[in-house]
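>>> Quick one: sequence plus predicted model below, questions after.
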Amino acid sequence: MNFEEIIYEKENGVARITINRPEKYNACTSLTLLELNKALTDAWVDAAVGVVIFTGTGKKAFCTGGDQSIRDKSGYAGTIAALPVEVGWQTVSHLIRTIPKPVIARVNGYAIGGGHVFQVVCDLSIAAETAKLGQAGPKVGSFDPGYGTGDLVRAVGLKKAKEIWYMCQLYTAHEALEMGLVNKVVPLDQLDSEVDQWCQALLEKSPTALKMLKYAFHAETDGVGGITNLGVGGLSMYYGTDESLEGRNAFMEKRKPDYSNYRK
Ligand SMILES: CC(C)(COP(=O)(O)OP(=O)(O)OC[C@H]1O[C@@H](n2cnc3c(N)ncnc32)[C@H](O)[C@@H]1OP(=O)(O)O)[C@@H](O)C(=O)NCCC(=O)NCCSC(=O)CCC(=O)c1ccccc1C(=O)O
């Protein structure tokens, strides 16, 4: 897969997605978002992948949201036409939340605006001590009425979430840890070894249990979509059973299915 604005690597069960625009502090264009969509979809369908790392290039920034230098009335264009917000930011956030594998945010620096939303929607976040996190929407003329507010409330509580969005302050990694915004803070030079340890620990766990837990965590808040993910997660397991195949076999053999052996 060829990408221009991200780096996508897969090794030993881990897919690593890196926003690669360090000169813009890893701010995103519409092309970045399309590439993130593509990489996340590949990580979803590749059975060899058990964990996904989401990060940015360099020591300065994880992701600083939309690239303000290319923003106009149509959105964030760049080398391609601007994607509608609901196609770009929303589908990346949606994929991170629904890919049936843990996604770890490796927060190596500034996580701001849409970039902060990405770290919020990741399953787990490990931050360098030097990272700074926060929202900027009301300062720069934007807001996230979806996961970036809803999931933030669930992480830090309503009052703190409102403070983060209304005040547009930046918080240190330790402040983020204290308010439940990230899982762990380590010195920058230990970030990769820490993230690796978490990946290895996750790869030792049952992938199906992790998948069903991820769907269960969002089932209540995501309405029919959440229930659908949980249900379809069960359906994909049912498809692999002899009981399910009896229906298909009976159809092909032009006989009535016999499910009597499967009553429990
Ligand atoms: C990150 C800073 C605090 C760093 O400050 P500092 O250390 O002083 O460095 P700078 O000199 O400011 O920056 C270095 C270099 O990087 C460029 N840069 C940094 N951030 C961006 C950016 N977002 N866009 C474009 N360029 C950026 C900066 O210009 C410098 O380049 P030079 O060539 O040297 O000039 C500080 O940089 C900062 O505050 N950055 C801006 C953060 C920000 O406001 N982000 C946008 C938030 S809005 C957003 O993300 C929209 C998306 C969104 O929120 C969203 C999410 C979900 C659903 C919907 C939406 C929606 O669209 O609304």
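Structure received. Numbering: from 1, shown residues only.

>>> neighbours around the residue lying closest to Val185 once chain neighbours are set aside, how many?
Excluding its sequence neighbours, the residue lying closest to Val185 (CB to CB, 6 or more residues apart in numbering) is Ala173, at 4.5 Å. (Each C-beta comes from the backbone N, C-alpha and C, glycine too.) Per other CB atoms under 10 Å, the neighbour tally for Ala173 reads 25.

>>> Ala173 touches Val182, doesn't it?
Yes: applying CB atoms under 8 Å as the test, Ala173 and Val182 come out as touching, 6.7 Å apart.

>>> Common neighbours of the two, please.
Both Ala173 and Val182 are contacted by 107, 127, 133, under the criterion CB atoms under 8 Å, 6 or more residues apart in numbering.

>>> give the contact list for the closest residue to Ser69 other than its chain neighbours.
Once flanking residues are discounted, Ser69 sits nearest to Lys24: 7.2 Å by CB to CB, 6+ apart. Residues near Lys24 by CB under 8 Å, 6+ apart: 64, 67, 69.

>>> neighbours of the last one, just the number please.
Put plainly, it is Ser69. Ser69, neighbours per other CB under 10 Å, totals 10.

>>> Three-state assignment for Phe143, please.
coil (DSSP: H, G, I helix; E, B strand; the rest coil).

>>> what's the nearest residue to it if we skip its chain neighbours?
Phe143 sits nearest to Gly137 (CB to CB, 6+ apart), 4.3 Å away.

>>> can you check Ala43 too?
That would be Ala15: by CB to CB, 6+ apart, it lies 4.0 Å from Ala43.

>>> Tell me the bridge partners for the one you found.
As for beta bridges, Ala15 partners with Lys10, Val52 under DSSP bridges.

>>> okay, now the domains of this structure?
6-203, 207-254 (automatic domain parsing).

>>> what distance separates the last one from the middle of the whole chain?
With CA atoms, centre = their mean, to the nearest Å as the basis, the distance from the averaged C-alpha position of domain 207-254 to the chain average is 21 Å.

>>> Repeat that for the first one.
Centre-to-centre, domain 6-203 and its host chain are 7 Å apart (CA atoms, centre = their mean).

>>> Are it and the ligand in contact anywhere?
Yes: residues of domain 6-203 contacting the ligand under CB under 6 Å from any ligand atom: 24-25, 27, 64-69, 85, 89-90, 110, 112-114, 117, 136-137, 140, 142-144, 148.
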